[in-house]
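S.K.: Predicted structure and sequence below. I'll ask about it afterward.
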Amino acid sequence: MVLTDTVRAFLQKPVVVRMAVVDADGYPHVVPVWYGMDGDDVIVFGYRKTRKVDFIKANPKGSIQIGGDPPGEGYLIKGEFSLEEDVDHRWTRQITYAYEATQESADKLLAEWIPAGLIVMRLKVTKVSKV
């Protein structure tokens, strides 16, 4: 078990986090994302045809950074990403409803996003450090 109870509790906040993967030239490719948790795995969804998905296919190593903005607590969560289908759009719905203020606003986004072809990026956590 890599995540402590303190980190797990911190990860329950629906905030925008920074997801980093390695680009084709070996540099960090960092993007802001919404996320959810599945046990100790961090779940992100996104469009299937994006650079971050292509980079994960080539090199699954990546990280998620949450918090750390002064004077707050924050963590860098490292691991390996895998790609998977979002069966019945479970994760897309769960994460969107957690972030949007109303069901109406979430439903509007989902109506736009789901037909566009989404994929789940699952980060299997191997290391956590404070930032």
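M.R.: Arrived safely.
S.K.: any chance you could map the helices in the chain?
M.R.: 5-10, 51-58, 90-99, 103-113 (DSSP state H).
S.K.: Please name the spatially closest residue to residue 59 (chain neighbours excluded).
M.R.: Nearest non-adjacent residue to residue 59, counting by C-beta to C-beta, 6 or more residues apart in numbering: residue 22, 4.7 Å away. To be clear about C-beta, it is placed using only N, CA and C from the backbone, and glycine gets the same treatment.
S.K.: which residues does the spatially most central residue of the chain bridge with?
M.R.: The chain has residue 44 as the residue nearest its centroid, 3.1 Å off, counting by C-alpha atoms, centre = their mean. For residue 44, the beta-bridge partners are residue 121 (DSSP bridges).
S.K.: quick one: it and residue 123 touch, right?
M.R.: Yes - with contacts counted by C-beta atoms under 8 Å, residue 44 reaches residue 123, the gap being 7.3 Å.
S.K.: Find residues that contact each of the two.
M.R.: residue 64 (C-beta atoms under 8 Å, 6 or more residues apart in numbering).
S.K.: And the pLDDT at the residue lying closest to residue 95 once chain neighbours are set aside?
M.R.: Closest residue to residue 95 apart from its sequence neighbours, by C-beta to C-beta, 6+ apart: residue 36 at 4.4 Å. As predicted, residue 36 sits at a pLDDT of 96.
S.K.: Mind listing what's buried along the helix or strand of the chain with the lowest mean pLDDT?
M.R.: The weakest-scoring helix or strand in the chain, judged by mean pLDDT, DSSP states H and E, is helix 5-10 (a mean of 89). Neighbour counts using 16 or more other C-beta atoms under 10 Å place 7, 10 of helix 5-10 among the buried residues.
S.K.: Report all helices and strands that that helix contacts.
M.R.: In terms of contacts (3 or more C-beta pairs under 8 Å, 6 or more residues apart in numbering; DSSP states H and E), helix 5-10 is packed against strand 74-84.
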